[in-house]
Structures are given as C-alpha cells and as structure tokens.
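# what shape does this take:
(one chain, ligands or ions: 1)
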Amino acid sequence: MSQPAAKAENLFDLSGQLAMVTGASRGLGQYFARALARAGADLILTSRRSAEIAPFAEQMRALGREVFLVDLDVREQSSMEQMGQQVEALGRQVHILVNNAGCNVRKPALDVRWEDWNLVLDTNLRGSFFVAQQIARNMVQHRYGRIVNIGSVTSVAGYAGLGPYCASRGGIRQLTMSLADDWGHFGITVNCLAPGWFQTAQNAVLYEDPEWVEYLTDRIPMKRPGLPNDLDGAVVFLASEASRYVTGQTLLVDGGISTGAVRATRRAASRQGVQQ
Ligand SMILES: NC(=O)c1ccc[n+]([C@@H]2O[C@H](COP(=O)([O-])OP(=O)(O)OC[C@H]3O[C@@H](n4cnc5c(N)ncnc54)[C@H](OP(=O)(O)O)[C@@H]3O)[C@@H](O)[C@H]2O)c1
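I've put the predicted structure just below:
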C-alpha cells in the first residue's frame, strides 16, 4: 500500500503528496488548492482555459510546491480521456482529488429548458463521476486515495429555483456513498464536502441585493454567509490521514443553515434569549 508516510505528530500534513483540483480557474477551487498547498501538497490544477490560471499557479509555486496545469472540460468525453492520459504521463501517484468544477442555472422550475438541465447535470454529476473514475485508476494502482466531491447544502435541502442544481448535488451525495463502497477496499476514501452559502462568481448577483443578504443572514445560525477560507480545515481534513476511517460521508460547512433554522420566537425575544 503506497500510503503516505504520515507524520505521527501532524495528521494533517500533506507534504510530498499530489492533489488534483478541478475548476481551479476561480472561486472555491482556488481556495481548496491553496489550503492543500499550504498543508504541503503539490498540485494538478485543471481548467477549461489552463493558460488563464498561470498567475495563480505561480503563487502556489511561490509556496514551494510543484504545480501542473491540465486542460479539462468535464462535459467532453475526449477532454476527460486526455486529462487521464496527461495525469498518467506525469508518472506520479495522485493522492488527493477535489472534484470541484461545477455550474448552476437559477430559474423557476416551469422555465427550465432541456439544455439547462443537461448543462447542470452533465457538469456537476456526470463530470464528477468520470473525473473520479479517471483519477481512481491511478489511486487503485497505489492502493491509496482521498476523493473529495464538492456537494452543497442543496445536497440535503431543496430550494425553489434550483431544481437541476439540487438534483445534481443530491446525486453527488449518493454518488459519494456508492463510490466509497466501490473503492474502500483499495484504500480510497470518498467523501462529500458540502458548502453552504459562499459569495463567489457563481452567485455574485444574489449578493448585490442587500435585502436578500439580510434574509439569508437571518437564516444562518452563525449570522453570516461563508468566507472561502471557512472551508480550509474541512478540505484538508478530508484530504489527509486525519480522516482515514471516514468514508461515504457528507460534511456540511454551512454556518448551520442546514439545520433548517427558522425563528420560533419573535425577533426581539429571540435576541434577548426570552421565550415567547
Ligand atoms: N459558491 C457557493 O456558495 C457554493 C456553495 C456550494 C457548492 N458550490 C460548488 O462549489 C464549486 C465551486 O463553486 P464556485 O462558487 O467557486 O463557482 P465558480 O466561481 O463559478 O467556479 C466554477 C469553476 O468550475 C469550472 N467549470 C465550470 N464548468 C466546467 C466544465 N464544463 N469543465 C471544467 N470546468 C468547469 C469553472 O471553470 P472555467 O473557468 O473553465 O469556467 C470554474 O473554475 C461548484 O461546483 C459549486 O457548485 C458553491
């Protein structure tokens, strides 16, 4: 078994390991990559326009990490296969995969078009499956792997206007459990990291509306939307020796919004801790 030599004193140390992050051109993907690099991992960064992530790659190299750029469109079968070949050509064990590339279409369910459904499901669900399959081939050879599928609070809750997205994220949760069972005996763990509401390019338009931000914030027990760094600890945990006996699980990092938090008292009373 090519298990990395875990330093007993630091279960979160990723030194000498190689981590692949998909959708690393912007947003959460870059935060995941940075967190893994800070923990010691070298990186494979994928994007549909890998030349555009050269400046980010330079920042990661400045941390002392090796960084490889790979073009990948997760909706294209040929691109998926080329990615697999490029990764194998590196001749390196891939220890960690963060399956992050994703997209969203926000529309009332009655307006969702056939193409909208295909875009979201093909990218988020089919794409994640086949990326995992490509990289698991490498992990199986080495009898070791940490796969982190990025889900969402929509993996466990339904939201109006997000039908295809919720279906894709619910699917990711189920896929995670299925792959955990498929690959556990190869020493590969598969978990789902499910962020709540974070402000990125994907949802920037929502945060332009102060009323909506107040509405959202009120429903989050921690009383603020997520900051991308709030995910650092969770991704490093699921990528490291620290989570060696955790598989098939969904870890929500959402400030508590998945508790279904609804005020059960009037606002003034709840602020004063008074029962009503
Ligand atoms: N932001 C949140 O609050 C939130 C919450 C829960 C889950 N998530 C999930 O977390 C992930 C990252 O979210 P984000 O907010 O950082 O989104 P983002 O800013 O829109 O970034 C999405 C990334 O996915 C890539 N991507 C999209 N379609 C692709 C395709 N066909 N092939 C390859 N790459 C593709 C994009 O690359 P290009 O540059 O090539 O377009 C980009 O790097 C997504 O899967 C998202 O659904 C986000």
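# quick one: the strands in the stretch 101-250 of the chain, in order.
145-150, 188-195, 250-253 (DSSP state E, counting those that start in this stretch).
# can you redo those strands as CSV with mean neighbour count, mean pLDDT and distance to the ligand?
Where C-beta positions appear, they are placed from N, C-alpha and C, glycine not excepted. Output for these, formatted as CSV (neighbours: other C-beta atoms under 10 Å; pLDDT from 0 to 100; distance: least, C-beta to the nearest ligand atom, whole Å):
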stretch, mean neighbour count, mean pLDDT, distance to the ligand
strand 145-150, 27, 98, 5
strand 188-195, 25, 99, 4
strand 250-253, 20, 98, 9
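# so can I have a markdown table of the ones you listed showing distance to Arg75?
Formatted as a markdown table, the strands of the stretch 101-250 of the chain follow (distance: least, C-beta to C-beta, whole Å):
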| stretch | distance to Arg75 |
| --- | --- |
| strand 145-150 | 16 |
| strand 188-195 | 21 |
| strand 250-253 | 24 |
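# can you tell me the closest non-neighbouring residue to Leu69?
Excluding the flanking residues, the one nearest Leu69 by C-beta to C-beta, 6 or more residues apart in numbering is Ser50, at 4.1 Å.
# what residues are up against the one you found?
Leu69, Val70, Asp71 (C-beta atoms under 8 Å, 6 or more residues apart in numbering).
# wait, which of the residues you listed is closest to the ligand?
Proximity of those to the ligand, judged by C-beta to the nearest ligand atom, is greatest for Asp71, which lies at 9.0 Å.
# returning to that earlier point: want to throw the contacts of Ser50 into CSV with neighbour count and pLDDT?
Shown next, in CSV, are these (neighbours: other C-beta atoms under 10 Å; pLDDT from 0 to 100):
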residue, neighbour count, pLDDT
Leu69, 19, 97
Val70, 20, 97
Asp71, 14, 96
